[in-house]
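**Q** got a sequence here, can you model it:
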Amino acid sequence: MSDNILILGNGFDIAMGRKTSYEDFLMFSDYIYICLNYPIRYPEYDSEEVERVNLNKLERGDISEIETDLKRKVSDFSSTQEYESLIFETLKEFNFDELLQIFSTDLIKMLKEYQVVCKQQTAIGISPDYLEEFNIIFNKFLFDLKKNKYSLNQFSDKATSIKRSKRFDFFDIDLIEGVINSKIDSSRNLKWLGEINNNIFIKFMKDYREELGANWSSIESIISDIAEAVYDLKENIEENLELFNIYKEYLPNQALVKFKERFRHKKNFVAYKFVVKCIYQETVTNSNQLTNMAVVEKTNESFINALEELTNYLEFYLTYLDRLDFDKNKISKKESVLDVIPEIQKSKVINFNYTDTALKLFNIPLMSTHFIHGKIDFNRINNGINTMVFGIEDKEDDIEAINLDLIPYQKYYQRTIKETGNDFEIFFKSSNIKNIIVFGHSVNPLDKEIFRKCFELAEYNRVPYQFIFVYHNEQSKRSIVKNLAIILGKNKIIELTGKNKIKFVKSDNLDKMKKNLY
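**A** Numbers count the residues shown, from 1 in each chain. Modelled structure (predicted):
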């Protein structure tokens, strides 16, 4: 019988070398966008939507053509000077994944600029030469790069470091097709995957990235900001009546001025701006036939549906990553403080992740693991429930204060309807449990109910116990302490640290972990 319970967050998967961060997921969606929108042929207009050109396919043929064209554009443009030649000779050996690592940010900017130019030309009656327009924009980027030698040297360093690194391909179109084709539910196919960047939440994060700042990719915070903005607008609909009426009269600029006056003080101002824009679009779509309340409710319903679809896309990405890491690349565990835990394979695991990383790398069986937020199961049958819990915290402890509009976004509600259960409580009933090790989790108040329960159960059983919080750096340690104070209260955390019931160990300090284990 093991003495240990491991509480694992996403930082555990990342520490093991896996690309499971939200930023990695969004980068994956960027790559999908580039593959679909890169102009490798003269596109034809969609007969139903004049402004939108046909997309490429997510297939090996199109990917190979994009790879060839990228290499050709770069190598043809500049080979006149020796330092340039060295760079672009190196690029010829790059695969598609490595090219995307270098060019993805610039390519997305170029593609969006290209689409704007083509639409502008179409609007004034000019039939654009699509490939020529893109070549002009691409050559401008290369010219700017060539003109600035410092940038070129940075570019060279980046290219060289990528080539020298022993990393595995992140974007494997053949494997993507394999995961999709193994799916029983034919509705989630390559066409479905190609729609990933149309998800409302993903569009918001990418379109407002600069305004959102450093936390632009914090999906759960984004969901929380949007849900609260929708709720506030609905609850105060009479106060916002003038704003809605301006939008109904198709005066968005005037509405924006009014909007800024009213909501600029809000912490989640950017989310308010986006939600109001969505409400306006919903109003136009329904030709002003709906009441203001009905429009807000319909907009909220769109966000709830988008959250479920976002969860499905995340499930696909993690399934793909499992195939990539464990089946193709056969990764092994990275060194960490977990290596000094005796018989770690006998530990019990409370897993906040959706993946089997603890099983694959530490041989901890599934029967000893509780996936408290559900588990990926992309191959489930048609209409099967996606058990992944993905949402926001319930900020109200008072049952009477529960907000019905926010419930679909909240984790406790999702854990209930997706039946993820409370099996983890059984782990604390063993009299052998002494070490409760939290690895890769920031102890975010999003999960406050679970952490409160863990402390309550550990204390109730009255056996010698300790919580060991593993942190990455001093900043993450401060964040854990702050979150513990929010969840337990300042006095409680002071009491528990004074009794050595709470300890902190840096993730690379194996000696300290060994000394602290009971």
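**Q** any chance you could map the helices in the stretch 151-300 of the chain?
**A** Using DSSP state H, counting those that start in this stretch, the helices found in the stretch 151-300 of the chain span residues 173-181, 190-193, 200-207, 209-212, 219-235, 241-248, 252-263, 269-285, 292-322.
**Q** kindly export the third one (C-alpha atoms) in CSV.
**A** Once side chains and other backbone atoms are set aside, the C-alpha atoms of helix 200-207 remain, and they are given as CSV (Å, rounded to 0.1, in the frame of the first residue of the first chain):
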residue,chain,number,x,y,z
ILE,A,200,-16.3,32.1,-30.8
PHE,A,201,-13.8,31.8,-27.9
ILE,A,202,-10.8,31.1,-30.1
LYS,A,203,-11.8,34.0,-32.4
PHE,A,204,-12.0,36.3,-29.4
MET,A,205,-8.6,35.3,-28.0
LYS,A,206,-6.9,35.8,-31.4
ASP,A,207,-8.7,38.9,-32.6
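**Q** in that helix, what's buried?
**A** Buried residues in helix 200-207, counted by 16 or more other CB atoms under 10 Å: Ile200, Phe201, Ile202, Phe204, Met205, Lys206. For glycine as for every other residue, the C-beta is placed from the backbone atoms N, C-alpha and C.
**Q** follow-up on the earlier one: looking at the helices of the stretch 151-300 of the chain, which is nearest to Thr68?
**A** Nearest to Thr68, of all the helices of the stretch 151-300 of the chain, is helix 173-181, at 14.2 Å by CB to CB.
**Q** ranges for the strands of the stretch 301-450 of the chain?
**A** For the stretch 301-450 of the chain, strands defined by DSSP state E, counting those that start in this stretch occupy the ranges 348-351, 369-371, 435-439.
**Q** mind giving me the packing neighbours of the first one?
**A** Just to be clear, that refers to strand 348-351. Here strand 348-351 touches strand 4-8, strand 369-371, helix 424-427, going by 3 or more CB pairs under 8 Å, 6 or more residues apart in numbering; DSSP states H and E.
**Q** repeat for the last one
**A** Judged by 3+ CB pairs under 8 Å, 6+ apart, strand 435-439 is in contact with strand 4-8, helix 10-15, strand 466-471.
**Q** let me know which of these is tucked in deepest.
**A** Comparing those by mean neighbour count (mean count of other CB atoms under 10 Å), strand 4-8 comes out on top with a mean of 26.
**Q** counting by contacts, list what it packs against.
**A** Packed against strand 4-8, as judged by 3+ CB pairs under 8 Å, 6+ apart, are the following elements: strand 348-351, helix 357-362, strand 435-439.
**Q** what about Ser104, helix or strand, and which?
**A** In this structure, Ser104 is located in helix 96-123 according to DSSP states H and E.
**Q** so what secondary structure elements neighbour that helix?
**A** Using 3+ CB pairs under 8 Å, 6+ apart, helix 96-123 sits against helix 22-37, strand 49-53, helix 60-77, helix 130-147, helix 149-164.
**Q** between the ones you listed, which one is nearest to Leu233?
**A** helix 22-37 (25.8 Å).
**Q** ok, and for that closest one, which residues are buried?
**A** Of the residues in helix 22-37, 22, 25-37 count as buried by neighbour count, 16+ other CB under 10 Å.
**Q** what's it in contact with?
**A** 55-56, 58, 62-63, 66, 100, 104, 107-108, 111, 115, 170-171, 173, 193-194, 196-197, 202, 205-206, 217-219, 313-314, 317 (CB atoms under 8 Å, 6 or more residues apart in numbering).
**Q** show me what contacts Asp169?
**A** Contact analysis of Asp169 by CB under 8 Å, 6+ apart lists Asn95, Asp97, Leu324.
**Q** contacts for stretch 458-468 next, please.
**A** Contacts of stretch 458-468 (CB under 8 Å, 6+ apart): 428-429, 431, 433-438, 454-455, 496, 500-505, 513, 516-518.
**Q** among those, name the ones in helices.
**A** Cys454, Phe455, Leu496, Met513, Asn516 (DSSP state H).
**Q** so Tyr272 touches Phe263, yeah?
**A** Yes: with contact defined as CB atoms under 8 Å, Tyr272 reaches Phe263; the gap is 4.5 Å.
**Q** pull out the buried members of the contacts of stretch 458-468.
**A** Here, 16+ other CB under 10 Å leaves 428, 433-438, 454-455, 496, 501-505, 513, 516-517 buried among these.
**Q** now the stretch 251-400 of the chain, which segments are flagged as low pLDDT?
**A** Scanning the stretch 251-400 of the chain for pLDDT under 70 picks out 251-256, 259-260, 287-288, 381-383, 394-400.
**Q** same thing with the stretch 51-200 of the chain?
**A** 51-54, 77-88, 90, 149-152, 163-168, 184-185.
**Q** with neighbour count and distance to Ser75 added, can I get the contacts of Asp169 in TSV?
**A** Output for the contacts of Asp169, formatted as TSV (neighbours: other CB atoms under 10 Å; distance: CB to CB, whole Å):
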residue	neighbour count	distance to Ser75
Asn95	11	15
Asp97	17	19
Leu324	21	29
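**Q** returning to what we had before: kindly reformat the helices and strands packed on strand 4-8 as JSON lines containing distance to Thr387.
**A** Shown next, in JSON lines, are these (distance: least, CB to CB, whole Å):
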{"stretch": "strand 348-351", "distance to Thr387": "13"}
{"stretch": "helix 357-362", "distance to Thr387": "17"}
{"stretch": "strand 435-439", "distance to Thr387": "23"}
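**Q** and the spatially closest residue to Lys411 that is not a sequence neighbour, how many neighbours?
**A** Leaving aside its chain neighbours, Lys411 sits nearest to Gly391 (4.9 Å; criterion: CB to CB, 6 or more residues apart in numbering). Neighbour count for Gly391, taken as other CB atoms under 10 Å: 24.
**Q** same check, this time on Asn215
**A** By other CB under 10 Å, the residues close to Asn215 number 10.
**Q** isn't it up against Asp225?
**A** No: between Asn215 and Asp225 there is no contact under CB under 8 Å: 9.9 Å.
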